[in-house]
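Engineer: coordinates only, sequence not included:
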């Protein structure tokens, strides 16, 4: 086997692979990491490659991943198959969906085809998943608010060091309440909760491969749509985004989903859901830097913040948020060089 520097955790992983692989391990290398404590390795065994997920059980629980992977595959989504597992030790052996992320493949020539596949798969998830399932928790008001509070605490408070006045705090409170209410009034569907270009893989068959779904919930119909189309890692012109969003609405209606009669309401839901998600994402990016030492995500804050400011400026009910951020010069923030 190719040399692989190991500590105790890696030694455990190698010993387990020796037990579950169908042939001797030939090579192992890092496949990817994410914004959690999980790590992924690609392993070569005979003429096959596999992915092994290492999720230390004191920090991550593999069980939701296993259960949701099976549920997604039952809906004919291209999620990895779990070939072997040791849930008590946080180890999973998965089929390999390849190494080409949507983010790398997307450009003006490929976007129509790639997003077409991703939106078809999303519709399958949204129409096929039972919103009354016991498998997934609800995306309820408490969770929506906890997520938005990350923006207040980790970005405004800790990263920028801003001490907000009582009036500014009330502006955030009102904005967060409006955004949560908008999410909760939408049709309920299965929500991947991180359906974007870094978690979708370009595959030869059944494109896209879908990853990082273990935090799925039942929630707003526009959540995954805005995650994909107003991606924190790549931006498209608003007119094109709106066209894609309305095409997806039409697709869902044609498949029998109710509650989507008003196109203008759907676009407002889409915009406001995006604001909620992007506030959360900015807070997470700041926390990843300050708590976890992962500074690379700071580069994505200006793009994500621009989404928030654009949406807040479009709707009178949200303009107070834009004015607060403008007054504090937040829109000018750039990551350190």
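Structural biologist: Good, I have the coordinates. In this text the structure is predicted, and so the values were computed from the model without any measurement. Residues are numbered from 1 along each chain as shown.
Engineer: pLDDT score for the spatially closest residue to residue 184 that is not a sequence neighbour?
Structural biologist: Nearest non-adjacent residue to residue 184, counting by Cβ to Cβ, 6 or more residues apart in numbering: residue 141, 6.3 Å away. Placement of C-beta: from N, CA and C, glycine included. Looking at residue 141, its pLDDT reads 98.
Engineer: run a quick neighbour tally on residue 141.
Structural biologist: 14 (other Cβ atoms under 10 Å).
Engineer: show the residue spans covered by the helices in the stretch 151-300 of the chain.
Structural biologist: For the stretch 151-300 of the chain, the helices defined by DSSP state H, counting those that start in this stretch cover 166-184, 223-229, 238-254, 263-290.
Engineer: nearest to residue 37, of the ones you listed?
Structural biologist: Closest to residue 37 of these, according to Cβ to Cβ: helix 263-290, at 11.8 Å.
Engineer: from the contact counts, what lies against that closest one?
Structural biologist: Here helix 263-290 touches helix 141-150, helix 166-184, helix 223-229, helix 238-254, helix 301-314, going by 3 or more Cβ pairs under 8 Å, 6 or more residues apart in numbering; DSSP states H and E.
Engineer: switch those helices over to CSV; also include distance to residue 261.
Structural biologist: Converted to CSV, these look like this (distance: least, Cβ to Cβ, whole Å):
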stretch, distance to residue 261
helix 141-150, 24
helix 166-184, 17
helix 223-229, 17
helix 238-254, 8
helix 301-314, 22
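Engineer: what residues sit buried inside the helix or strand bottoming out on mean pLDDT in the chain?
Structural biologist: Ranked by mean pLDDT, DSSP states H and E, the weakest helix or strand in the chain is strand 25-33, scoring a mean of 86. By 16 or more other Cβ atoms under 10 Å, the buried positions in strand 25-33 come out as 25, 28, 31.
Engineer: cool, and stretch 224-235?
Structural biologist: Quick answer for stretch 224-235 (16+ other Cβ under 10 Å): 224, 225, 226, 227, 228, 229, 230, 231, 232, 233, 234.
Engineer: then stretch 42-57?
Structural biologist: 42, 43, 44, 45, 49, 50, 51, 52, 53, 54, 55.
Engineer: do stretch 10-24 as well
Structural biologist: Buried, per 16+ other Cβ under 10 Å, within stretch 10-24: 12, 13, 14, 16, 17, 21.
Engineer: find the nearest non-adjacent residue to the residue positioned nearest the centre of the chain, please.
Structural biologist: The chain has residue 194 as the residue nearest its centroid, 1.4 Å off, counting by Cα atoms, centre = their mean. Closest residue in space to residue 194, ignoring its immediate chain neighbours: residue 212 at 5.2 Å, by Cβ to Cβ, 6+ apart.
Engineer: again with residue 302
Structural biologist: Using Cβ to Cβ, 6+ apart, the nearest residue to residue 302 is residue 334, at 6.3 Å.
Engineer: residue 299 is in contact with the one you found, correct?
Structural biologist: No: the criterion here is Cβ atoms under 8 Å, and residue 334 misses it with residue 299 at 9.4 Å.
Engineer: who has more neighbours out of those two?
Structural biologist: residue 299 (12 against 9).
Engineer: contacts for stretch 248-256 next, please.
Structural biologist: 119, 120, 122, 123, 126, 127, 221, 225, 260, 261, 263, 266 (Cβ atoms under 8 Å, 6 or more residues apart in numbering).
Engineer: list the buried residues in the helix or strand encompassing the first one.
Structural biologist: Meaning residue 119. Using DSSP states H and E, residue 119 maps to helix 111-128. Neighbour counts over helix 111-128 (16+ other Cβ under 10 Å) mark 111, 114-115, 117-119, 121-128 as buried.
Engineer: which strands and helices sit next to that helix?
Structural biologist: Using 3+ Cβ pairs under 8 Å, 6+ apart: helix 111-128 touches helix 102-105, strand 188-191, helix 223-229, helix 238-254.
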